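Enquirer: dropping the sequence and predicted coords here.
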2 protein chains.
Amino acid sequence: MGDDLRLSRHLCFALYAASRAAVNLYRPVLDPLGLTYPQYLVLLVLWEHGDTTVKELGDELMLDSGTLSPLLKRMESAGLVRRVRRPEDERSVLVSLTEVGTALRGRVASVPATVAQAAGLGENDVGDLRERLVELTAAICPPRAAERRSS
Amino acid sequence: MGDDLRLSRHLCFALYAASRAAVNLYRPVLDPLGLTYPQYLVLLVLWEHGDTTVKELGDELMLDSGTLSPLLKRMESAGLVRRVRRPEDERSVLVSLTEVGTALRGRVASVPATVAQAAGLGENDVGDLRERLVELTAAICPPRAAERRSS
DNA sequence: GGCCATCAGGTTGTGCACAACTGAATAGCG
DNA sequence: CGCTATTCAGTTGTGCACAACCTGATGGCC
């Protein structure tokens, strides 16, 4: 009847609660490394793709410059990354790993396994659930662009 | 081999991205009502259960007083709720709806349907996905208590 | 070349989240 | 009864997220 406002029926709340719980699961592992969860995500992208512009990071992580700029500044202060404005296009800034940032990879290699174990998760369940979340995100994320086009 | 640090393999990132995308879906609907998503959640609990202590709200929404206290203060300023310290136990504070807060229910009755439509979701998919998220949250949330017990 | 729309990154302001801490009230136990 | 541990809200400080806005660089179009 479209009138069901019970909290327990809200998919969005389930997502919201699960996301926060998952991030909290990473906290005790990342804290000793001086990392927050979003900072860890930035490192994942840099380890995987190498030097990356702020815009590319934003596309990968679905974050805007308002979030990334101060976050990257903190990571630069911590000595994990460098930020250099590109000579061939002065609009964009290239983010690259320092020695320290690169070395950190070895110290987090075991993180996913540790977290998965803490969650008591099997590989199969995880993969399937992940796929469905990615589909959901894809379904609800572009609408913004669609709205802009239609307006 | 436990060495897979690719972003695309991370369930936690899928959760994180999906959660933010879902909350952003609510924004254009809630903004005209002067509500944020967490404030909307508080109203859901109050509409469903009536007067509720801050602690009960925290249990339902998995938020602590550090988050709820300022949030409820803002809702009180907006005239949506009242906060009264309980006479029979002066430690706890009872949150109750004002006329305005109660009346708002009518204006958001259509929100879940609107959002679901925007997401292009069928009922069945949603229910199943929600259940799996709730299970996941339950699996990874209690560990804190378990740690405390074992320490 | 000159002009304008677009793009990239940064800044500002608001509102969560969470850890760590404080202080008042209560419960429970000797 | 008195004392101690616990409970509950609230405060403080840090770090996201996001909207709105700003600035400078670039690309196209004439």
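Expert: That came through, no problem.

Enquirer: strands of chain A, residue ranges please.
Expert: Under the criterion DSSP state E, chain A contains strands at A:52-53, A:81-85, A:93-97.

Enquirer: list the helices and strands the second one packs on?
Expert: Just to be clear, that refers to strand A:81-85. Using 3 or more C-beta pairs under 8 Å, 6 or more residues apart in numbering or on different chains; DSSP states H and E as the contact criterion, the elements in contact with strand A:81-85 are helix A:65-77, strand A:93-97. C-beta coordinates here come from the backbone N, C-alpha and C atoms, glycine included.

Enquirer: adding mean pLDDT, distance to DNA strand D and mean neighbour count, write the strands of chain A out as JSON lines.
Expert: Putting those into JSON lines (pLDDT from 0 to 100; distance: least, C-beta to the nearest atom of the strand, whole Å; neighbours: other C-beta atoms under 10 Å in any protein chain shown) gives the following:
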{"stretch": "strand A:52-53", "mean pLDDT": "98", "distance to DNA strand D": "13", "mean neighbour count": "18"}
{"stretch": "strand A:81-85", "mean pLDDT": "98", "distance to DNA strand D": "8", "mean neighbour count": "15"}
{"stretch": "strand A:93-97", "mean pLDDT": "98", "distance to DNA strand D": "11", "mean neighbour count": "18"}
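
Enquirer: quick one: least confident helix or strand in chain A?
Expert: Using mean pLDDT, DSSP states H and E, the weakest-scoring helix or strand in chain A turns out to be helix A:143-150, at a mean of 46.

Enquirer: picking that back up, quick one: closest of the strands of chain A to B:Val54.
Expert: Across these, the minimum distance to B:Val54, taken as C-beta to C-beta, is reached by strand A:81-85, at 40.3 Å.

Enquirer: so what strands line up beside the closest one?
Expert: Paired with strand A:81-85 in the same sheet, following DSSP bridges, are strand A:93-97 (antiparallel).

Enquirer: contacts only, for the residue nearest to A:Thr137 when sequence neighbours are not counted.
Expert: Taking C-beta to C-beta, 6 or more residues apart in numbering or on different chains, and ignoring the residues beside it in sequence, A:Thr137 has B:Ala18 as its nearest neighbour in space, at 4.5 Å. By C-beta atoms under 8 Å, 6 or more residues apart in numbering or on different chains, B:Ala18 lies in contact with A:Leu15, A:Ser19, A:Leu133, A:Val134, A:Leu136, A:Thr137.

Enquirer: distance of B:Ala18 from DNA strand D?
Expert: Summarising the geometry, the distance separating B:Ala18 from DNA strand D, computed by C-beta to the nearest atom of the strand, to the nearest Å, is 11 Å.

Enquirer: just A:Arg9 next, same as before
Expert: With the distance defined as C-beta to the nearest atom of the strand, A:Arg9 ends up 23 Å from DNA strand D.

Enquirer: neighbours around that residue, how many?
Expert: For A:Arg9, the tally of surrounding residues (other C-beta atoms under 10 Å in any protein chain shown) stands at 14.

Enquirer: do the same with A:Glu99
Expert: The burial metric for A:Glu99, expressed as a neighbour count using other C-beta under 10 Å, is 9.

Enquirer: where exactly do the helices run in chain A?
Expert: A:11-30, A:37-49, A:54-61, A:65-77, A:99-108, A:111-119, A:123-140, A:143-150 (DSSP state H).
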